[in-house]
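> Generate coordinates for the sequence data below:
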Amino acid sequence: MRWIDEVTELVGGLIQTWDRYWFSPASLQRLAVCRLLAFGLLIADLIYFDFSYWGWAFYQRIDPMFYEPILFLRVLQRAFGFGPPPPVVLGTIYIAILILAIGAFIGYRTRICVLGSSVLFIYLIAVTFSWFGRVHHTHGPFALLLLALSFSPCGAALSVDALLKRMRRAVERMEFRWDQELETSSYARWPLRLIGIILCLVYFSSGYAKLRIGGLDWMNGETLAYWLLQDADIFSIQLPLIVAHYPALLKPLSISVVVMELTFPVILFVPRLVWLYLPAGLGFHLGTFVLMNTHFIWWWFTYMVFIDWDALGRWLKARLAIGTQQASM
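Prediction:
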């Protein structure tokens, strides 16, 4: 029947479009740059930020009664009997994550190191958020980025693994060629697009929640002044206390934040607007850091999925007049 053929053709076209969107060949170098940035931040996070030594040493001094496992850990507790991990276990996990993250950064045994460090890091975040029931959304998109990279060929370029593979080929051919052509893969695009979509949905849901709960009153400037005064009291900082007394400034800031969050998904359809929305989002998070003492550095780095690193590399190469001829030995 004719209508069956038309439906079949329509479904086939949709499947092809879906396949092109997620799995059209993309640059392995761009994916590798994201790996370097992501695991560079993870190493810095382990050394300097929330999950350094003082973090798990702190758990040694608090009573296990304050341990309220989040859903992820409650499932593990029901299935395997996991309870609150002792500080020694947390310290061992911390060291393991650091070693695996360094391996993922340099790209040695990349897939094992990326997957191992990602899973352990997510577990460490879950444990941290289970003390006193304080759950935050600072690490969410970044942790999902690490997990997505675990199932991608992120170690196929700019890595020790790629160099060793090239050297083995050179020994077989008795010739070493440094090809400057960008390598591509059908599996190099989907992790970046997935995290980009998740980021857009998170921003949109944040703007929608502001309007759904607070309505247009959220943008009157007084709501933002309330939160600034609260943070000034909690963190004993003076700047938000000063800014809260200028509602004429807070009102346009409140409106711009809601508009930015609600329209953030536009960059999925108009990629050129990335250079408008990414600075706006970065400015927003810098503002919350200065005025509210809440930093989202993990979100800043997650913006990497929107940047065309290949185009940036070509621009730098043209500026620096780097040669493009192949080198052979």
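
> Give me the distance between stretch 272-285 and the centre of its chain.
How far stretch 272-285 lies from its chain's middle: 15 Å, per CA atoms, centre = their mean, to the nearest Å.

> now swap in stretch 221-229 and tell me
Taking mean C-alpha positions (CA atoms, centre = their mean), stretch 221-229 and its chain are 29 Å apart.

> Do a quick rundown of the helices in the stretch 201-329 of the chain.
Using DSSP state H, counting those that start in this stretch, the helices of the stretch 201-329 of the chain run over 222-235, 239-243, 247-263, 274-292, 297-302, 309-320.

> what's the average pLDDT for the host helix or strand of Leu144?
Assigned by DSSP states H and E, Leu144 belongs to helix 140-150. What helix 140-150 shows for mean pLDDT is 92.

> Tell me which helix or strand comes right after it.
helix 160-173.

> Could you list the buried residues of that next one?
By neighbour count with 16 or more other CB atoms under 10 Å, helix 160-173 contains the buried residues Asp161, Ala162. (Glycine included, C-beta is placed from N, CA and C.)

> Quick check, central residue of the chain?
Note on the chain: the residue nearest the mean C-alpha position is Phe142, at 2.8 Å, using CA atoms, centre = their mean.

> Enumerate every residue touching it.
Each residue near Phe142 by CB atoms under 8 Å, 6 or more residues apart in numbering is listed here: Ala38, Leu41, Trp298, Trp299, Phe301, Thr302.

> Look up how far Ala126 lies from Leu71.
The gap separating Leu71 from Ala126 is 9 Å, by CB to CB, to the nearest Å.

> who has more neighbours, the two?
Between Leu71 and Ala126, Ala126 has the larger neighbour count (other CB atoms under 10 Å), namely 17 against 9.

> what helix or strand is the more buried one on?
Judged by DSSP H and E, Ala126 forms part of helix 110-128.

> can you list contacts of that helix?
With contact meaning CB under 8 Å, 6+ apart, helix 110-128 is reached by 35, 39, 42, 50-51, 55, 69-70, 72-73, 84-85, 90, 93-94, 96-97, 100-101, 103-104, 139, 143, 146-147, 149-151, 154-155, 159, 161.

> okay, the contacts of Phe142 in CSV with pLDDT, neighbour count and distance to Lys165 next?
Listed next are these as CSV, based on pLDDT from 0 to 100; neighbours: other CB atoms under 10 Å; distance: CB to CB, whole Å:
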residue, pLDDT, neighbour count, distance to Lys165
Ala38, 94, 27, 22
Leu41, 91, 22, 26
Trp298, 84, 21, 31
Trp299, 85, 21, 34
Phe301, 87, 20, 28
Thr302, 91, 26, 29
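
> Make JSON lines out of these and add distance to Phe23.
Output for the contacts of Phe142, formatted as JSON lines (distance: CB to CB, whole Å):
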{"residue": "Ala38", "distance to Phe23": "21"}
{"residue": "Leu41", "distance to Phe23": "27"}
{"residue": "Trp298", "distance to Phe23": "27"}
{"residue": "Trp299", "distance to Phe23": "27"}
{"residue": "Phe301", "distance to Phe23": "25"}
{"residue": "Thr302", "distance to Phe23": "22"}
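
> Tell me which two of those residues sit farthest apart.
Ala38 and Trp299 (12.4 Å; CB to CB).

> rewinding a little: the helix holding Ala126 versus helix 140-150: what angle between them?
Here the directions of helix 110-128 and helix 140-150 differ by 150 degrees (axes from the mean of the first three to the mean of the last three CA atoms, to 10 degrees).

> measure the residue nearest to the centre of the chain to Met304 for me?
In this view, Phe142 and Met304 are 10 Å apart by CB to CB.

> Between these two, which contacts overlap?
Residues touching both Phe142 and Met304 (CB under 8 Å, 6+ apart): Ala38.

> How about residues contacting stretch 28-44?
Counting by CB under 8 Å, 6+ apart, residues outside stretch 28-44 touching it are 97-98, 101-102, 104-105, 107, 110, 114, 117, 121, 142, 145-146, 149, 152-159, 182-185, 188, 191-192, 297-298, 301, 304-305, 308-310, 313.

> Buried ones from the residues you listed, can you make that a PyMOL selection?
Command for PyMOL that selects the buried part of the contacts of stretch 28-44, burial taken from 16+ other CB under 10 Å:
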select buried, resi 97+98+101+102+104+105+107+110+114+117+121+142+145+146+149+152+153+154+155+156+157+158+159+185+188+191+192+298+301+304+305+309+313
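
> Looks to me like Asp19 is in a helix.
Yes. Under DSSP: H, G, I helix; E, B strand; the rest coil, Asp19 falls within a helix.

> Could you tell me how many residues sit around it?
The tally of other residues near Asp19 (other CB under 10 Å) stands at 11.

> same thing with the one 10 residues further on?
For Gln29, the count of nearby residues is 18 (other CB under 10 Å).

> One more: Thr17?
Per other CB under 10 Å, the neighbour tally for Thr17 reads 10.

> quick one: it from Leu194, how far?
Taking CB to CB, one finds Thr17 at 17 Å from Leu194.

> for Leu211, same thing?
Separation of Leu211 from Leu194 (CB to CB) stands at 27 Å.
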